[in-house]
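Q: Have a look at this prediction, sequence included:
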Amino acid sequence: MDNKPDNRKNGNQNPDNNGPKNRQPIFAFLICLLVTLTCLSFFTNMLRGGASEETTYDEFIDMVDKGEIEKVVLQDDTLTITPKESKGSGVYGSRTVQVTLAEDDSDLVKRLEGTGIKFKKEPPDPTAGILSMIISIVVPTLLLFGLFMVLMKRMNKGGGMMGVGKSKAKAYVQKETGVTFKDVAGQDEAKESLQEVVDFLHNPGKYTGIGAKLPKGALLVGPPGTGKTLLAKAVAGEAHVPFYSLSGSDFVEMFVGVGASRVRDLFEEAKKNAPCIIFIDEVDAIGKSRDSRFGGNDEREQTLNQLLAEMDGFDTSKGLLILAATNRPEVLDPALLRPGRFDRRVIVDRPDLKGRIEILKVHAKDVLLDETVDFDAIALATSGAVGSDLANMVNEAAILAVKNGRNAVSQKDLFEAVEVVLVGKEKKDRILSIEERRIVSYHEVGHALVNALQKDAEPVQKITIVPRTMGALGYVMQVPEEEKYLNTQKELEAMLVGYLGGRAAEELVFDTVTTGAANDIEQATKVARAMITQYGMSKKFGLMGLATQQDQYLQGRTVLNCGDQTATEVDHEVMLLLHDSYEEAKRLLSENRVAMDKIADYLIQKETITGKEFMKIFRAVQMGMEIPKNPDEIDQIEIPEEKKKVRLLKTEEDLPSEKEEYQEETSGYASKVLPEDVFEEDGAKE
Ligand SMILES: Nc1ncnc2c1ncn2[C@@H]1O[C@H](COP(=O)(O)OP(=O)(O)OP(=O)(O)O)[C@@H](O)[C@H]1O
Ligand SMILES: [Zn+2]
């Protein structure tokens, strides 16, 4: 998947952003057309005689011959026949039927002579022609137009149909945001560089006095949910100026010129109210690079040009500042980043351990906490989480506490909330079959056991086989002892074995494999590929960089940059690495089969086990103790202190050299942390 050359790198043909929008008018038009056609056929039907039926002229003559007709009325060339009551059982009953005349009416008169049928000729209806024209042409046209207008209005949400000059992109204005830097936790560097900007707004004279040029704008860059919007509001709040905010996608319209006129309106409005802040969220929606190999997008280009022109045009000494946020800075048009535009870049990255602790504290400010709460532990368990996740967790914990009838949040609530946010709620209505529970149990124990053996430590916070709403059938929750910023090669290799431990357990125990390892395989492949192409950890390619990372603030796709031949070899290397890791996982598990069986057995009965329980069973098996049948008696197992120090891996004596190497390597250096390390979930994706 990753080794396709990325042809959207500079292009602005990203379907995510403008595709659906641009297709909207076509959809709208099609819908209108369909509705109109339906109406049209309905009307013409009505015109042709409403409820009465039409019959052929031959049938009419047949009826005349059989004497079934009472009366005939001729108007234009349409005959309205009333069949005789007495012949009501005939084909046409006694309903009025219409026939289109197929011979000269003098012939018709001759035919009816002497049959006793009442015949009447009426003058043609002068309104009929006009009426039919109105109904078949004017009404549908009006209908089509009306519907089209309504639909376009809907989609435009406030923008006028022909937009230009009239567009009312209502910027969201806050006179006073009420947010200060205190509300933004962590992000100290970002706050520091924005503090200067606040000062500019407060006191522009101080800077212009000595000839310093004031900044026009700053670009906030970082992953979603890290608090970019919050920071922008805080700048406005600190400076006590109004806050105009609009999202980049609000500017992207289907009519050329609408976006540009919105930009113009926005700046006009803001200039009137300066000093103030304009905040453009998702600026990449308009600011995407203009040079494109697939032909440009006129509307967005015009909008972007207008934005550039406005930024060049205003006078900073009035105290107008533009903040913009994006999580895809690499796609922005370089023109936006030139001096005098968004020349300041403020990085708002994922919070580190300290940042996460602070964010939790900020959000727990108004929440009642009991004495068990330890934010450090929560922060440690949530590596990779962003501000909005953490805010969510605190709130979720408070809700859980209320649900459980307590009036303060406990550490247990918080941990449960972490799981709710990261893997979803427990899915009580999903009942796994006994066989499935066995497989999931062994799978999860496989992960945990492999990790324990490799790290020689209590591996997990907990193991569970209660299905979750986000798809996991079971998972292992790990809490690292400390935040890591680097991973050694050994650690990454161990991580690979850990990912594949679940599948290895399935194969060992059931002699067959399931779909449950899909996520593990994906993660393992990602790590293996990164080791070979980015971290220089392959013997074959050495230090050659074979891939570059894109969209580092989003999912972080990597793109191979090597020839086809090399790409094939990379695939082969990845395959080999995964294969070796899998073999290692199977080896570790089969050497510890008894412990695996006992722990899995216990997990099947209890559904959730803690790391402590896991270790107790493992040590007991290691010491050859009898494991109680009743799961509730596991707690009573007493492990002597000195036994707790014995290395988990029983092949220790055979591999003394590996142990030394292991300790040496862990203090070494390697690459960056992979947040997936914390949670390993498994699930059959429905
Ligand atoms: N550093 C932080 N301190 C306190 N709260 C935070 C922080 N970061 C995020 N939050 C919380 O997360 C919510 C969402 O953050 P915000 O909308 O500012 O993120 P964003 O980076 O603008 O995301 P997006 O890119 O999706 O627009 C905030 O309202 C706030 O409650
Ligand atoms: Zn798994």
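A: It's in. Numbering: from 1, shown residues only. Ligands and ions are numbered 1, 2, ... in the order given.
Q: for the residue of the stretch 101-250 of the chain found nearest ligand 1, what are its contacts?
A: In the stretch 101-250 of the chain, the residue that lies nearest ligand 1 is Gly227 (2.6 Å; Cβ to the nearest ligand atom). Heads up, the C-betas are built off the backbone N, CA and C, glycines and all. By Cβ atoms under 8 Å, 6 or more residues apart in numbering, the contact set of Gly227 is Val184, Gln187, Val348, Val386, Gly387, Ser388.
Q: Just to check, the last one is in contact with Gly222?
A: No - the pair formed by Ser388 and Gly222 falls short of the contact definition of Cβ atoms under 8 Å, at 11.8 Å.
Q: Look at the two and report which has more neighbours.
A: Gly222 (24 against 16; other Cβ atoms under 10 Å).
Q: which residue packs closest to that one, ignoring adjacent ones?
A: Val348 (3.5 Å; Cβ to Cβ, 6 or more residues apart in numbering).
Q: Could I get the contacting residues of that neighbour?
A: Counting by Cβ under 8 Å, 6+ apart, Val348 has contacts Gln187, Ala190, Leu220, Val221, Gly222, Thr226, Gly227, Lys228, Leu231.
Q: Of these, just the buried ones, PyMOL syntax please.
A: Entered in PyMOL, the line below selects the buried ones among the contacts of Val348, by 16 or more other Cβ atoms under 10 Å:
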select buried, resi 187+190+220+221+222+226+227+228+231
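Q: Let me have the contacts of Val348 in TSV, extended by secondary structure.
A: Output for the contacts of Val348, formatted as TSV (DSSP: H, G, I helix; E, B strand; the rest coil):
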residue	secondary structure
Gln187	coil
Ala190	helix
Leu220	strand
Val221	strand
Gly222	coil
Thr226	coil
Gly227	coil
Lys228	helix
Leu231	helix
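Q: Can you tell me which of the contacts of Val348 is nearest ligand 2?
A: For the contacts of Val348, the closest approach to ligand 2 (Cβ to the ion) belongs to Thr226, at 28.7 Å.
Q: which phi and psi does the closest one have?
A: Per-residue torsions, Thr226: phi -90, psi 0 (degrees, to the nearest 10).
Q: measure it to Phe342 for me?
A: The gap separating Thr226 from Phe342 is 18 Å, by Cβ to Cβ, to the nearest Å.
Q: Show me which residues of this structure sit near ligand 1.
A: Taking Cβ under 6 Å from any ligand atom, the part of the chain that reaches ligand 1 is made up of 184-187, 224-230, 281, 325, 327, 359, 362, 387-388, 391.
Q: Am I right that Val559 is in a helix?
A: No - read with three-state DSSP, Val559 is strand and lies in no helix.
Q: What sits closest to Thr82 if chain neighbours are left out?
A: In this structure, Thr82 finds its nearest non-sequential neighbour in Lys71, 4.4 Å apart by Cβ to Cβ, 6+ apart.
Q: ok, now which ones touch that neighbour?
A: For Lys71, the contacting residues are Ile81, Thr82, Ile117, Lys118, Phe119, Lys120, by Cβ under 8 Å, 6+ apart.
Q: Take those and keep only those in strands.
A: Among the contacts of Lys71, the members found in strands (DSSP state E) are Ile81, Thr82, Lys118, Phe119, Lys120.
Q: Pull out the buried members of those residues.
A: Using 16+ other Cβ under 10 Å, the buried ones in the ones in strands among the contacts of Lys71 are Ile81, Thr82, Phe119.
Q: and of those, the nearest to Ser581?
A: The nearest member of those to Ser581, counting by Cβ to Cβ, is Ile81 at 88.5 Å.
Q: returning to what we had before: would you mind checking the residues of the chain next to ligand 1 for buried ones?
A: For these, buried by 16+ other Cβ under 10 Å: 184-187, 225-230, 281, 325, 327, 359, 362, 387-388, 391.
Q: Next secondary structure element downstream of the one helix or strand Val527 maps to?
A: Using DSSP states H and E, Val527 falls within helix 518-533. With elements assigned by DSSP H and E, the helix or strand that comes after helix 518-533 is strand 547-549.
Q: buried ones in that following strand?
A: So strand 547-549, judged by 16+ other Cβ under 10 Å, has buried residues Ala547.
Q: Tell me which strands it pairs with, and in which orientation.
A: strand 558-560 (antiparallel) (DSSP bridges).
Q: List the buried residues in the partner strand.
A: Buried residues in strand 558-560 (16+ other Cβ under 10 Å): Thr558, Val559, Leu560.
Q: now stretch 369-384
A: Leu369, Val373, Phe375, Ile378, Ala379, Leu380, Ala381, Thr382, Ser383, Gly384.
Q: Could you export the residues you listed as TSV, including pLDDT and distance to ligand 2?
A: What follows is the buried residues of stretch 369-384, written out as TSV (pLDDT from 0 to 100; distance: Cβ to the ion, whole Å):
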residue	pLDDT	distance to ligand 2
Leu369	91	34
Val373	90	31
Phe375	91	29
Ile378	90	24
Ala379	90	25
Leu380	87	22
Ala381	86	19
Thr382	88	20
Ser383	84	19
Gly384	85	18
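Q: Of these, which belong to helices?
A: Of the positions in the buried residues of stretch 369-384, Phe375, Ile378, Ala379, Leu380, Ala381 sit in helices, assigned by DSSP state H.
Q: Pretty sure the second one sits against Val418.
A: Yes - taking contact to mean Cβ under 8 Å, the distance of 6.4 Å between Ile378 and Val418 places them in contact.
Q: who touches both of these two?
A: In contact with both Ile378 and Val418: Met393, using Cβ under 8 Å, 6+ apart.
Q: May I have the helix or strand where Glu189 lies as CSV, with CA atoms only?
A: Using DSSP H and E, the element containing Glu189 is helix 188-202. This file holds the C-alpha atoms of helix 188-202, laid out as CSV (Å, rounded to 0.1, in the frame of the first residue of the first chain):
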residue,chain,number,x,y,z
ASP,A,188,4.6,25.9,26.5
GLU,A,189,6.7,26.7,23.4
ALA,A,190,3.6,27.6,21.4
LYS,A,191,2.3,29.8,24.1
GLU,A,192,5.7,31.6,24.4
SER,A,193,5.8,32.5,20.8
LEU,A,194,2.2,33.6,20.8
GLN,A,195,2.8,35.7,23.8
GLU,A,196,4.8,38.1,21.7
VAL,A,197,2.0,38.3,19.3
VAL,A,198,-0.3,39.3,22.1
ASP,A,199,2.1,42.0,23.0
PHE,A,200,2.0,43.3,19.5
LEU,A,201,-1.7,43.6,19.7
HIS,A,202,-1.7,45.3,23.0
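Q: So which other helices or strands are in contact with the next helix or strand along the chain from it?
A: Next helix or strand after helix 188-202 toward the C-terminus (DSSP H and E): helix 204-209. Other helices and strands packing on helix 204-209, by 3 or more Cβ pairs under 8 Å, 6 or more residues apart in numbering; DSSP states H and E, are absent; none qualifies.
Q: Please spell out which residues along helix 204-209 are buried.
A: Pro204, Tyr207.
Q: pLDDT averaged over it, what's the number?
A: Mean pLDDT, helix 204-209: 79.
Q: how far does it sit from the chain's center?
A: Distance, stretch centre to chain centre, for helix 204-209: 45 Å (Cα atoms, centre = their mean, to the nearest Å).
Q: what do you get for stretch 441-461?
A: That offset, for stretch 441-461, works out to 31 Å (Cα atoms, centre = their mean).
Q: buried ones in it?
A: For stretch 441-461, the neighbour count (16+ other Cβ under 10 Å) marks 441-455, 458-461 as buried.
Q: picking up where we left off before, extract the C-alpha set from the helix holding Val527 and format it as PDB.
A: The C-alpha trace of helix 518-533 is given here as PDB (Å, rounded to 0.1, in the frame of the first residue of the first chain):
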ATOM      1  CA  ALA A 518      -5.800  -8.400  11.200                       C
ATOM      2  CA  ASN A 519      -4.900  -5.300  13.200                       C
ATOM      3  CA  ASP A 520      -1.800  -6.900  14.700                       C
ATOM      4  CA  ILE A 521      -0.600  -7.800  11.300                       C
ATOM      5  CA  GLU A 522      -1.100  -4.300  10.000                       C
ATOM      6  CA  GLN A 523       0.800  -2.800  12.900                       C
ATOM      7  CA  ALA A 524       3.600  -5.300  12.800                       C
ATOM      8  CA  THR A 525       4.000  -4.700   9.100                       C
ATOM      9  CA  LYS A 526       4.100  -1.000   9.600                       C
ATOM     10  CA  VAL A 527       6.800  -1.300  12.300                       C
ATOM     11  CA  ALA A 528       8.800  -3.800  10.200                       C
ATOM     12  CA  ARG A 529       8.600  -1.600   7.100                       C
ATOM     13  CA  ALA A 530       9.700   1.500   9.100                       C
ATOM     14  CA  MET A 531      12.700  -0.400  10.500                       C
ATOM     15  CA  ILE A 532      13.900  -1.300   7.100                       C
ATOM     16  CA  THR A 533      13.100   1.800   5.100                       C
END
